[in-house]
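> the sequence and its predicted three-dimensional model are supplied below.
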Amino acid sequence: MADVAHQIAERIPINLVINGVRRTLDLMPWTTLLDALRDHLELTGTKKGCDHGQCGACTVLVDGRRVNSCLTLAVMKDGAEITTVEGLAKDGALHPLQQAFIDQDAFQCGYCTPGQICSAAGLLAEGHAKDADDIRELMSGNLCRCGAYPNIVAAIQQAMGRP
Ligand code: FES
Ligand code: FES
């Protein structure tokens, strides 16, 4: 059945602005944004953890809002602006969250870190987090198997300017 679907389905042309650069892609309709980034654009900073919307490793910003890219079909985001972890640094300077994760030693294996940082960037833009409890709640979709949570919260507090 899957083979039949592959034979009759047609690729769909879409445009995405990825980290400020317009890219045109021809994708199968079932291609996720995560696979488009990793497999078609070689932007492998965004990680595939569960591929089921449960870990947050694949978090990117779509038009400024954080989303799980593994649950997002790329063709549904035609014309969108996508920011991945590769697009956060500006003019050779790390994003304040990237610097804070280093300063606070907020990772061990680092596999969850791109998703944590992109999610935290979305959290800062949302402006709802006022303290550590808020951060823990609003970052609860981003799991860390290494258990670096205290340091991750500290890093986000540093980037918020609220030690
Ligand atoms: S890989 Fe997307 S939420 Fe886990
Ligand atoms: S640093 Fe290893 S999973 Fe978070």
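Structure's in. What do you need? Ligands and ions are numbered 1, 2, ... in the order given.
> the longest helix along the chain: which residues count as buried?
Ranked by residue count and defined by DSSP state H, the top helix of the chain is helix 113-126. Within helix 113-126, the residues scored as buried using 16 or more other C-beta atoms under 10 Å are 113-124. The way it works is simple: take the backbone N, C-alpha and C, and place the C-beta from them, glycine included.
> and stretch 53-71, by the same measure?
In stretch 53-71, counting by 16+ other C-beta under 10 Å, buried: 55-62, 66-70.
> helix or strand: which one has the nearest residue to Gln158 once chain neighbours are set aside?
Residue nearest to Gln158 in three dimensions, not counting chain neighbours: Ala100, with 4.1 Å by C-beta to C-beta, 6 or more residues apart in numbering. Using DSSP states H and E, Ala100 sits in helix 96-103.
> just want the angle from that helix to helix 113-126.
Counting by axes from the mean of the first three to the mean of the last three C-alpha atoms, to 10 degrees, helix 96-103 points 130 degrees away from the direction of helix 113-126.
> now whichever helix or strand Gln158 is part of: mean pLDDT?
Taking DSSP H and E as the definition, one finds Gln158 inside helix 149-160. For helix 149-160, mean pLDDT is 98.
> and stretch 51-60, anywhere near ligand 2?
No - under the criterion of C-beta under 6 Å from any ligand atom, stretch 51-60 makes no contact with ligand 2; the nearest approach is 8.0 Å.
> okay, how far is it across that stretch, tip to tip?
Separation of the first and last residues of stretch 51-60 by C-alpha to C-alpha, to the nearest Å is 14 Å.
> ok now it, how far from the chain's centre?
Chain-centre distance of stretch 51-60: 8 Å, with C-alpha atoms, centre = their mean, to the nearest Å.
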